[in-house]
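[1] Give me a 3D structure for the following:
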Amino acid sequence: LPQGEVVGVVVRGQQGLVACLAQADEEALTSRASGASGTRQEVVLAVPYDRRLPFVRIRTRLGGRLVGQRFVVRVDEWARDSRYPSGHVVRVLGPINDLTAESTAVLEQTGIAWQPFCDAALAELPQLPGGDASLWRVTDAERALRRDLTGPEYFVCSIDPPGCTDVDDA
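    Numbers count the residues shown, from 1 in each chain. All right, here's what the predicted structure looks like:
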């Protein structure tokens, strides 16, 4: 296998890592009544969403509140004699396997900054008869055939393949 040596870090990445607690730490925190109280500092391992990355050791008082959650960790340092880097929890995204939390995790992990479309972008949409796009509605018959993911708690996107030039190409 190829080998190399890191001789320096020119620019430190500021992107957080999406992670969850290691299974052993989840079990230990769940078995302790004090884990949920938030008064005791715990040292736990965070398992990154990206399996190519190392576990991150975090010291936190959030202990029990991190069980079963997806969260963002920032690496603070990696001591030469340590197996794992040290870091801290930046924010909790939500429960593991929750659609909103997992969607936010993908955006966070890939560095995609999401925001609603501005009025200028919405003005570029094709006009409907009558001129008001807000009047368009899915029919009741069509709605019965669909899973409704239109609420504010959902994030849905289309990832277009190379060469895609139209909505129906995706």
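[2] Next up, the contacts around the residue lying closest to residue 55 once chain neighbours are set aside.
    Residue nearest to residue 55 in three dimensions, not counting chain neighbours: residue 45, with 4.5 Å by CB to CB, 6 or more residues apart in numbering. Bear in mind the C-beta positions are built from the backbone N, C-alpha and C, glycine included. With contact set as CB atoms under 8 Å, 6 or more residues apart in numbering, residue 45 has these partners: 21-22, 24-25, 55-58, 84.
[3] now swap in residue 156 and tell me
    So residue 156 contacts 103, 149 (CB under 8 Å, 6+ apart).
[4] does residue 25 belong to a helix or a strand, and which?
    helix 23-31 (DSSP states H and E).
[5] any low-confidence regions in this protein?
    12-14, 33-39, 125-126, 131-136, 157-158, 166-170 (pLDDT under 70).
[6] and the gap between the residue nearest the centre of the chain and residue 6?
    The centre of the chain sits closest to residue 105, judged by CA atoms, centre = their mean, with a distance of 1.0 Å. Noted for residue 105: a distance of 28 Å to residue 6, by CB to CB, to the nearest Å.
[7] now swap in residue 144 and tell me
    Taken as CB to CB, the span from residue 144 to residue 6 is 57 Å.
[8] out of these two, which sits in the more crowded spot?
    Neighbours of residue 144 and residue 6, each counted by other CB atoms under 10 Å, are more numerous for residue 144; the result is 8 against 5.
[9] give me every residue that touches that one.
    Per CB under 8 Å, 6+ apart, neighbours of residue 144: none.
[10] Residue 104 too?
    If you count contacts by CB under 8 Å, 6+ apart, then residue 104 has 70, 93-94, 155 around it.
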